[in-house]
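**Q** Predicted model and sequence follow; I will ask about them next.
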Amino acid sequence: MLTPEQRKQKQRLTRYIIVCCMLLIPLLAYTQRNLLSGELNLPLSSTVLIFALININGLLILLMLYLILRNLVELIFERRNRILGSHLRTRLVIAFVSLSMIPTIILF
């Protein structure tokens with residue numbers, strides 16, 4: 001079992017990863033859109049760059065889905081064990097899921 005300090009550190013790391021993903025996904029999608037529109041005159045090897053951008057976006061979206069689903073599973077176990085504050089955490093997770101999934105779905 002994790003100590004409270006380890007749990008807080010794990011939550012900080014998870015939040016940091018989520019924020020990075022939320023910043024990188026739109027940035028990479030914008031770059032990808034500019035490359036595909038033909039505004040930039042790049043050599044034929046630019047297809048490798050586009051391929052890499054598509055794969056990176058896909059991996060970031062999968063990472064976001066994993067983190068969201070993990071939070072939901074932890075929430076279900078906390079509610080079953082009737083841990084203090086689980087109802088408030090339920091509301092926070094619902095807000096997080098809605099705020100993170102709406103832009104991700106639009107971009108995807």
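**A** On my side now, so go ahead.

**Q** Not counting sequence-adjacent ones, nearest residue to M22?
**A** Spatial nearest neighbour of M22, excluding adjacent residues (Cβ to Cβ, 6 or more residues apart in numbering): S100 at 6.5 Å. All C-beta spots, glycine's among them, are computed from the backbone N, C-alpha and C.

**Q** What does the residue most central in space within the chain show for phi and psi?
**A** In the chain, the centroid-proximal residue (Cα atoms, centre = their mean) is M64; its distance is 2.7 Å. For M64, the backbone dihedrals (degrees, to the nearest 10) come out as phi -60, psi -40.

**Q** ok, it - contacts?
**A** 18, 21-22, 25, 100, 104 (Cβ atoms under 8 Å, 6 or more residues apart in numbering).

**Q** From the residues you listed, pick the one nearest L35.
**A** Nearest to L35 out of the contacts of M64 is I25 (Cβ to Cβ; 15.8 Å).

**Q** any idea which element the closest one lies in?
**A** Using DSSP states H and E, I25 falls within helix 4-37.

**Q** buried residues in that helix?
**A** Applying a neighbour-count criterion of 16 or more other Cβ atoms under 10 Å, one finds 18, 21, 25, 28-29, 32, 35 buried in helix 4-37.

**Q** okay if I get those residues as CSV plus pLDDT and distance to I68?
**A** Compiled in CSV, those are given as follows (pLDDT from 0 to 100; distance: Cβ to Cβ, whole Å):
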residue, pLDDT, distance to I68
I18, 76, 9
C21, 76, 11
I25, 77, 13
L28, 78, 19
A29, 77, 19
Q32, 74, 23
L35, 72, 29
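
**Q** Before I go, just wanted to say thanks for your time.
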